[in-house]
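Peer 1: Quick one, fold the following:
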Amino acid sequence: MYKYQDLQVWEKSMDLTTGIYKLTGKLPQKEQFGLVSQINRCAVSIASNIAEGAGRNTNGEFNQFLGIASGSLFELETQLLISVRVGYLKESETTSAIDLIKEIQKMLIGLKKKL
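Peer 2: All right, here's what the predicted structure looks like:
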């Protein structure tokens, strides 16, 4: 078991989630139950799965939850790219979030190797 609050990757994931909530506030109201909901759920899933995995009994279980968090990162990146393609967000508005996504992806790979 790991203390998830001490994991830098968890802290970065929390920062990402906060930024994503601010970003989705810019999306049209008509997307409240579409992209907004999906993007927010995705972002929340990343830090949540890191925390849940850290509380599991084995490194194998933790590794599995880190894999789920990684999948959510790719899903989140895709949804941000969709938001740009349909004209809801400007590419410049998503740059910092996508950079943070890529950083967290690398951190997850490193943590998975440590396990």
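
Peer 1: Please identify the buried residues of the biggest helix by length in the chain?
Peer 2: Across the chain, the longest stretch assigned as helix under DSSP state H is helix 59-85. For helix 59-85, the neighbour count (16 or more other CB atoms under 10 Å) marks 62-63, 65-66, 68-70, 72-73, 75-77, 79-80, 83 as buried. Bear in mind the C-beta positions are built from the backbone N, C-alpha and C, glycine included.

Peer 1: Check the secondary structure at the nearest residue to P28 once chain neighbours are set aside for me.
Peer 2: Nearest non-adjacent residue to P28, counting by CB to CB, 6 or more residues apart in numbering: Y88, 6.4 Å away. With DSSP: H, G, I helix; E, B strand; the rest coil as the basis, Y88 sits in coil.

Peer 1: Please report the distance of Y88 from V9.
Peer 2: Distance from Y88 to V9, counting by CB to CB, to the nearest Å: 28 Å.

Peer 1: what do you get for A51?
Peer 2: 11 Å.

Peer 1: Can you report how many residues lie near G19?
Peer 2: Using other CB atoms under 10 Å, G19 is surrounded by 14 other residues.

Peer 1: The closest residue in space to it that isn't next to it in sequence: what secondary structure?
Peer 2: Spatially, and ignoring its direct neighbours in sequence, G19 is nearest to A97 (5.6 Å; CB to CB, 6+ apart). Following three-state DSSP, the label given to A97 is helix.

Peer 1: Tell me which residues touch A97, please.
Peer 2: Neighbouring residues of A97 by CB atoms under 8 Å, 6 or more residues apart in numbering: L16, G19, I20, L23, L80.

Peer 1: repeat for A43
Peer 2: Per CB under 8 Å, 6+ apart, neighbours of A43: L16, T17, I20, Y21, S72, L76.

Peer 1: now the helix or strand that contains I109: mean pLDDT?
Peer 2: With secondary structure defined by DSSP states H and E, I109 is part of helix 91-114. Helix 91-114 shows a mean pLDDT of 98.

Peer 1: what about dumping the CA coordinates of it to PDB?
Peer 2: Taking Å, rounded to 0.1, in the frame of the first residue of the first chain, the C-alpha atoms of helix 91-114 are listed here in PDB:
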ATOM      1  CA  GLU A  91      -5.900  24.800 -29.600                       C
ATOM      2  CA  SER A  92      -4.000  27.400 -27.500                       C
ATOM      3  CA  GLU A  93      -6.600  26.900 -24.700                       C
ATOM      4  CA  THR A  94      -5.800  23.200 -24.500                       C
ATOM      5  CA  THR A  95      -2.000  23.300 -24.800                       C
ATOM      6  CA  SER A  96      -1.200  23.400 -21.100                       C
ATOM      7  CA  ALA A  97      -3.700  20.600 -20.300                       C
ATOM      8  CA  ILE A  98      -2.300  18.400 -23.100                       C
ATOM      9  CA  ASP A  99       1.300  19.100 -21.900                       C
ATOM     10  CA  LEU A 100       0.300  18.100 -18.400                       C
ATOM     11  CA  ILE A 101      -1.400  14.900 -19.800                       C
ATOM     12  CA  LYS A 102       1.800  13.900 -21.500                       C
ATOM     13  CA  GLU A 103       3.800  14.600 -18.400                       C
ATOM     14  CA  ILE A 104       1.500  12.500 -16.300                       C
ATOM     15  CA  GLN A 105       1.600   9.700 -18.900                       C
ATOM     16  CA  LYS A 106       5.400   9.600 -18.500                       C
ATOM     17  CA  MET A 107       5.200   9.600 -14.700                       C
ATOM     18  CA  LEU A 108       2.700   6.700 -14.800                       C
ATOM     19  CA  ILE A 109       5.100   4.700 -17.000                       C
ATOM     20  CA  GLY A 110       7.900   5.300 -14.600                       C
ATOM     21  CA  LEU A 111       5.800   4.400 -11.600                       C
ATOM     22  CA  LYS A 112       4.600   1.200 -13.300                       C
ATOM     23  CA  LYS A 113       8.200   0.200 -14.000                       C
ATOM     24  CA  LYS A 114       9.100   0.800 -10.300                       C
END
